[in-house]
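Curious how this folds, go ahead:
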Amino acid sequence: MSFLSPRALIFSATADFRHDSIPTAIQAITSNGSVYNIQFDNTEDQSWFQDGRINGYDALVFLDNTGEVLDDDAQTAFQNYLNSGGNFVGIHAASDCLRNSTTYGNELGAHFDYHPEITNATVDVIDNSHPSTSMLPTQWHVFDEMYNFKSDPRTVGAVVLLSANDSSYTDPGPRLFDQGTPHPTCWYQEHGAGVNSNITGGRSWYTSLGHTNETWEDTLFISHVMGGITWALQSNTTNFTNPTAPIGSAASATTTNSSAPINTNTPTPSPSTPSAALRTGVSRWIVVPISIAISIMVR
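Okay, the predicted model is just below:
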C-alpha cells in the first residue's frame, strides 16, 4: 500500500506581459515536490477548469498570470472549487490577472497596481512564526520588484507577513490607492475571501516576490514559496487531510503536454525533511493502491 500525497496544480497562463522566469519557477517548484511530499502538475489550459480536472487538486498555484486568463465558464468553475474548500496560492504577477473579478481579487487579497523599476530593497519580516517566513532574516535583502496594490489586503481579512521597507528603495509613484501600512508584500488568509457568503473556504497565501530567474534559483526564496504551499495544504478542507471533503488528492493522475524533462534527481523525503513537517497535525492518511501512477510534469 502507498500513502497518497497532496496534489497541487500550477497554472501559469498569461494574456498580457509574460515573465521569462516562468519555466525556471515551474522547475524550481516541481523539483522540490518529493522533498515536501507534494505531487505537482502544471498547465496553461483553462479547459482544466471547465471540465472539472481542478477538483482533483488540494491547491491551485497561480504563477505569474496576467490579463484575462479564464473565461466566464472557467471563472465559474474556479468559484465552485473555492466554495468546495479548495486552497489557493498566488505568486508574483498572479495579482495582475482577472482584474475585473471581485471573486479573484478577494481570494488573492488585492489586485496589483504598479511597481517602480526592479531594485535592491529590504523586506521586513512582520511575522516569523509562519511556515513561509520562519526561515527568513528579520530584514531580508532582495533584488526584486516592489509591488503596490489597489487595496489593502487586510480589508478582506488577510494577515500581512512581509512588508516592503519603503525607505530602502526609490518609488516615484504616484500611489493612487490605499494599500495600508505597513506596505503589504506577502500575506495569508486562513479562509479565502473569494467564496460565496456563508461558506467556509480553504486557505489562501500570496507573495509578490519572484520576478527574476535568479530569484527562483535562490534556496531561501524557494523555502519561502514552498512554506506557503505546504501551509495552504493544511487547511483540512480538501481530501488530503479531510477524507469527507469533495475535492482534492484525486486518485487518477492527469498530465500536461511538455517538452521539458521530468526531474528525477530530487532527494528522497526522510523524517528530517520538510515533508515530515507537512504531515504534522494530519490525523488521517488516505491509502490507495501502489499501482496508482502520479505524473509530475514540468512545463
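
What backbone torsions are found at the most centrally placed residue in the chain?
The residue lying closest to the centre of the chain (C-alpha atoms, centre = their mean) is residue 89, at 2.3 Å. Residue 89 adopts backbone torsions of phi -130, psi 130, taken as degrees, to the nearest 10.

Distance of it relative to residue 229?
5 Å (C-beta to C-beta, to the nearest Å). Just so you know, the C-beta spots here come from the backbone N, C-alpha and C atoms, and that holds for glycine as well.

Give me the pLDDT for the residue nearest to the centre of the chain.
For residue 89, the pLDDT comes out at 99.

Quick check: it touching residue 230?
No - checked against C-beta atoms under 8 Å, the pair residue 89 and residue 230 is beyond contact range at 10.1 Å.

ok now do residue 85, which residues does it touch?
Neighbouring residues of residue 85 by C-beta atoms under 8 Å, 6 or more residues apart in numbering: 200, 201, 202, 235, 237, 238, 242, 245, 246, 247, 248.

Figure out the helix or strand that the fifth one lives in.
Read that as residue 237. Secondary structure from DSSP states H and E places residue 237 outside every helix and strand.

what about residue 227, is that helix, strand or coil?
helix (DSSP: H, G, I helix; E, B strand; the rest coil).

Next, count neighbours for it.
When neighbours are counted by other C-beta atoms under 10 Å, residue 227 registers 23.

contacting residues around stretch 94-103?
Contacts of stretch 94-103 (C-beta under 8 Å, 6+ apart): 14-17, 62-70, 75, 78-79, 82, 104-105, 108-112, 147, 149, 194, 206, 208.

What remains of those residues if I keep only buried residues?
Among these, those buried by neighbour count (16 or more other C-beta atoms under 10 Å) are 14, 62-66, 68-70, 75, 78-79, 82, 104-105, 108-112, 147, 149, 194, 206, 208.

Residue 29 belongs to a strand?
No - counting by three-state DSSP, residue 29 is not found in a strand; it is helix.

State the number of residues packed around it.
Neighbours around residue 29, by other C-beta under 10 Å: 25.

which residues touch it?
10, 40, 61, 63, 222, 225, 226, 229.

Would you write a ChimeraX line that selects the buried entries of those residues?
Command for ChimeraX, covering only those of those found buried under the criterion 16+ other C-beta under 10 Å:
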select :10,40,61,63,222,225,226,229
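
Nearest to residue 141, out of the contacts of residue 29: which one, please.
residue 222 (16.7 Å; C-beta to C-beta).

Many thanks, have a good one.
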